[in-house]
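Engineer: Sequence first, predicted coordinates after that:
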Amino acid sequence: MRRVSSASKAADRVFKVATGICASSPVLFLLAIGIIVIVQSIPTIHYMGWHFISTIQWNMGSLYGSMIHKNGVSVPSGASYGALVFIVGTVASSVLALIIAIPVSILTAMILAYRVRGPIGFVLSILVEILAGIPSVVVGLWGILVLAPWVSHQFGPFLRSVFGFIPFLGGSTGSGYGLLTSGIVLAMMIVPIITATARDLFRQVPLLAREGGLGLGMTTWETVRYICLPFIKDGLVGAIALGWGRAMGETMAVLMVSGNAINILPHNIYSPISTMAAFIANQLDSAQTDATGMAVHALSEMALVLLVITLFTNLLARFLVNRTTRRRSVKAGANG
Amino acid sequence: MITARRRRRKVSGFIGWGFAWLASALVIFALFDLIVSVVWHGVRAFHWSMLVQPTHGTAGGLSNAILGTFELVIIAIVFAAPLGILGGVFTSEFAGSRTAGIVRFLAEVLSGVPSIVIGYFGYLLMVLHWHWGFSALAGGIALTIMMLPYILRTTETSLRQVPHAQREAAWALGMTRFQAISRAIWRPAAGGIATGILLAIAIGLGETAPLLYTAGWSTNYPSLHLTHDQVPYLTYVVWSYLDQPYQDARNLAYAAAFVLLVIILLIQLGVRALVWKTSGYGRRDH
């Protein structure tokens, strides 16, 4: 028997270590991002404390005036960093996006999973995947060209006249750049994510369960509604949380259609807003003009808050999706 | 009585599926409306000369941005492809199911980090702390972080689809694991890995947020200096020139969006065509 030479044994070992190092790179990047963002936010955390997330005044202070010293850090006089406007904007726009996207994507996923097959199903699935691949600036451009005028002239006035009695739906419909347009644009960006995940979940429902429903005389709709939907409930919640995390972290499209509000909370769904991600991108030039570097630290704390919120929703989402998948694949057998 | 109930159930089924079809139609309509309106504005604003002229002032061409975009994506793929592929090999071939699960989970968490946070991280660490300035390398590394989890996952998935018997056959010939992977196992998975890399390139081409704080912008052609030299890129033109009050500048933005969309759609459709050809639909005899 020919023995494996020691050189190839060594090569094997080196290869294994090299791949192991590469496999650990995601966690290294994650750690690096977390550590850098936390370390850089420390001065603002000292300066603002909890007021960072509870006040609405974002003011870089007088950049040419004298410095003031407070809590061991020096900042331009009059500086105040309150991110509440952006936190509210992020939550409101992403929740609005979910309200639009959840029914649309679950219904679309039902069609993709149960109603179309063969070439047509393949083409429809591709269209959904292409939608996921459209760059966010292009979606933002569509928002400016098509959506904002439509919301301003048609959809906004329509909503106000029909549902104006509901709080937040009445009032001035504004320029079309605001919460509603941001919500629609965000919905456009998360529909493909939720649809693709929900479609895969629907396909994991065992055929026997569906046949059982049909065998009892249920209509196809009742089978989907009363058997498949409850079957994948946890996974669906996970898919939705996944889309939510994506919506909160989305930058460019929102930046282009949100109206870039600052220091003012939205008063109805047509008001201009700004999200944390969009505001960070928007402050590119002004942050560099602050000689104390405080503005950079303040944006870093904003990035930290955003990171924590999105990581939390993502962890929840993965936990729920994986739990469903694991449970189903055990039941459905080796094909799962 | 029973017929009334049966009719009601039938009608509710009709209504339910009707809404479902409506929702699908809405999604497809939105996609087509987006593509048509961007292409419509883009085609009217686009001139072939834009492909060879650099940007100057508020007008000009896109050649510097196109070259810069490719420079950034090439730098990103140089880092992301080896890291992602080797990481995927480890997860699929060497790691136990527990370790593999952890790596997969962390890659998914990384892909959930908002792109602007990655960009700002790059700004804090590379642009400010390491004094690279806005540069190709900083932008490329920020894009690497975006692409890496994607490549890792697709590599792992396609390697997992290689039948175990093929590995056993290679081992039975006396190959080490490295030899088995490098000579036999990667071949059936190559198509899937290539698909993953192409789609990662498409993702990288369309990213803006990670580059805003790392790559900067310039109206010159990108140079070969990896640091201290700002790089122009296409998505920046779309975002920033759209805000200008001049029609020329806006036309440039439309044209940039059009070029971007065409490149990305070509990659996406090309990849899907490949998948179509190798999947069951295009080849029935398999």
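Structural biologist: Yep, that arrived.

Engineer: going forward, measure contacts and count neighbours with C-alpha atoms only.
Structural biologist: Fine.

Engineer: ok, A:Ser54 - contacts?
Structural biologist: By C-alpha atoms under 8 Å, 6 or more residues apart in numbering or on different chains, the residues touching A:Ser54 are A:Gly82, A:Ala83, A:Leu84.

Engineer: So the last one sits against A:Thr55, correct?
Structural biologist: Yes: counting by C-alpha atoms under 8 Å, A:Leu84 sits close enough to A:Thr55 to count as a contact (5.5 Å).

Engineer: Pick the one among the contacts of A:Ser54 closest to chain B.
Structural biologist: In terms of C-alpha to the nearest C-alpha, no member of these lies closer to chain B than A:Ala83, at 15.8 Å.

Engineer: ok, back up a step: more neighbours, A:Leu84 and A:Thr55?
Structural biologist: Counting neighbours by other C-alpha atoms under 10 Å in any protein chain shown for A:Leu84 and for A:Thr55 shows that A:Leu84 has the greater number, 22 against 16.

Engineer: For the more buried one, what are phi and psi?
Structural biologist: Dihedral pair for A:Leu84: phi -60, psi -40, per degrees, to the nearest 10.

Engineer: What residue in chain B comes nearest to chain A?
Structural biologist: For chain B, C-alpha to the nearest C-alpha, closest residue to chain A: B:Gly87, 3.6 Å.

Engineer: Could you report the neighbour count for the residue nearest to that residue when sequence neighbours are not counted?
Structural biologist: Computed as C-alpha to C-alpha, 6 or more residues apart in numbering or on different chains, the closest residue to B:Gly87 that is not its neighbour in sequence is A:Ala23, at 3.6 Å. The tally of other residues near A:Ala23 (other C-alpha under 10 Å) stands at 28.

Engineer: for chain B, what spans make up the strands?
Structural biologist: Applying DSSP state E to chain B gives strands spanning B:55-56, B:59-60.

Engineer: Which of the ones you listed sits closest to B:Val43?
Structural biologist: Nearest of the strands of chain B to B:Val43, taken as C-alpha to C-alpha: strand B:59-60 at 15.9 Å.

Engineer: Which strands border the closest one, and is each parallel or antiparallel?
Structural biologist: Here strand B:59-60 is paired, per DSSP bridges, with strand B:55-56 (antiparallel).

Engineer: Give me the contacts around the partner strand.
Structural biologist: B:Gly61, B:Leu62, B:Ser63, B:Asn64, B:Ala65, B:Thr219, B:Asn220.

Engineer: could those go into a markdown table alongside neighbour count, pLDDT and distance to A:Ala198?
Structural biologist: A markdown table is the format used below for those (neighbours: other C-alpha atoms under 10 Å in any protein chain shown; pLDDT from 0 to 100; distance: C-alpha to C-alpha, whole Å):
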| residue | neighbour count | pLDDT | distance to A:Ala198 |
| --- | --- | --- | --- |
| B:Gly61 | 23 | 83 | 43 |
| B:Leu62 | 27 | 89 | 40 |
| B:Ser63 | 23 | 89 | 41 |
| B:Asn64 | 24 | 90 | 41 |
| B:Ala65 | 28 | 91 | 38 |
| B:Thr219 | 19 | 82 | 44 |
| B:Asn220 | 16 | 82 | 46 |
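
Engineer: Can you tell me which of those residues is nearest A:Leu216?
Structural biologist: A:Leu216 lies nearest to B:Ala65 out of those, by C-alpha to C-alpha, at 62.1 Å.

Engineer: shouldn't the closest one be in contact with B:Gln230?
Structural biologist: No: at 11.2 Å, B:Ala65 does not count as touching B:Gln230 under the criterion of C-alpha under 8 Å.

Engineer: a strand runs through A:Ile227, doesn't it?
Structural biologist: No: per DSSP: H, G, I helix; E, B strand; the rest coil, A:Ile227 lies outside any strand segment and is helix.

Engineer: rewinding a little: ranking the strands of chain B by mean pLDDT, which is last?
Structural biologist: In terms of average pLDDT, strand B:59-60 trails the rest of these, at a mean of 80.

Engineer: what's the spacing between the residue most central in space within chain A and A:Ile193?
Structural biologist: The residue lying closest to the centre of chain A (C-alpha atoms, centre = their mean) is A:Arg246, at 1.8 Å. The gap separating A:Arg246 from A:Ile193 is 9 Å, by C-alpha to C-alpha, to the nearest Å.

Engineer: do the same with B:Ala45
Structural biologist: The gap separating B:Ala45 from A:Ile193 is 32 Å, by C-alpha to C-alpha.

Engineer: do A:Gly235 as well
Structural biologist: Using C-alpha to C-alpha, A:Gly235 is found at 13 Å from A:Ile193.

Engineer: Likewise for A:Gly259?
Structural biologist: 26 Å.

Engineer: for B:Gln161, same thing?
Structural biologist: 23 Å.

Engineer: between those two, which one's more packed in?
Structural biologist: A:Ile193 (21 against 12).

Engineer: quick one, phi psi at that one?
Structural biologist: Dihedral pair for A:Ile193: phi -70, psi -50, per degrees, to the nearest 10.

Engineer: How about B:Pro54?
Structural biologist: phi -80, psi 170.
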